[in-house]
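# Build the 3D model from these lines:
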Amino acid sequence: MAAGGIDGRTARSVRTKAAIVDACLALVAAGDLRPTAPRVAEKAGVSVRSVFQHFADLESLFATVGDEALRRFRARAMDVDPDLPLDERVAAAVEQRSALLEDLTPLRRSVAVNATDSPSAIERMRLAHSVFRAEVSRVFANELDGDSVLLDAVDGVMSWPLWDQLRTLIGLEQPDARVVLERIVLSLLRPGAE
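Residues are numbered from 1 along each chain as shown. A predicted model of the protein is given here:
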């Protein structure tokens, strides 16, 4: 048995399962919004049979992929001191959130394409949103002062649909899209701000 109590076969199985999940995430990041078992297997360097030895079906694979994506996004939690002046907090929060939203875009598009076939994807999206909302609530707690409608507004502004509209439909570059978000968030949290 290997150090830590895991034998070679178990360690290999864990590595293979992780490679399959990483391959699925990489395919989605590259624009493959509906990865199939053969494409995942090829990307992971394993057989299709191996994919289904580790996952009962594609839905269970996608559920595990969603869990891993959620773990990765949680590791990038908004790191903004709630005691900073409002302008600095807004700038830092928007910068961090926009980087996260940019990276989240392929996964969100994949969920949109597959949502009707993947209840687990919707559940992971809801979990991620609750994490993102809690970050907004923490960073702007003083300005929100328990106002749930204001929290809904700020949370909505700092969410993926608006980011996608700014980047995809309007065609703004990331720095310009951040300026728009900063302006909106400041106007909500400090009415009368320019």
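# where do the helices sit along the protein?
Assigned by DSSP state H, the helices in the chain fall at 8-29, 37-44, 48-54, 58-74, 86-114, 119-139, 141-144, 148-157, 160-164, 174-189.
# Any chance of CSV for those helices, columns mean pLDDT and mean neighbour count?
Heads up, the C-betas are built off the backbone N, CA and C, glycines and all. Formatted as CSV, the helices of the chain follow (pLDDT from 0 to 100; neighbours: other Cβ atoms under 10 Å):
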stretch, mean pLDDT, mean neighbour count
helix 8-29, 90, 16
helix 37-44, 94, 18
helix 48-54, 93, 16
helix 58-74, 86, 18
helix 86-114, 91, 19
helix 119-139, 88, 17
helix 141-144, 96, 15
helix 148-157, 97, 16
helix 160-164, 94, 18
helix 174-189, 97, 17
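# Include distance to Val80 when you put the ones you listed into CSV, please.
Putting these into CSV (distance: least, Cβ to Cβ, whole Å) gives the following:
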stretch, distance to Val80
helix 8-29, 26
helix 37-44, 36
helix 48-54, 38
helix 58-74, 16
helix 86-114, 5
helix 119-139, 5
helix 141-144, 11
helix 148-157, 13
helix 160-164, 18
helix 174-189, 12
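# who's in contact with Ala30?
By Cβ atoms under 8 Å, 6 or more residues apart in numbering, the residues touching Ala30 are Pro106.
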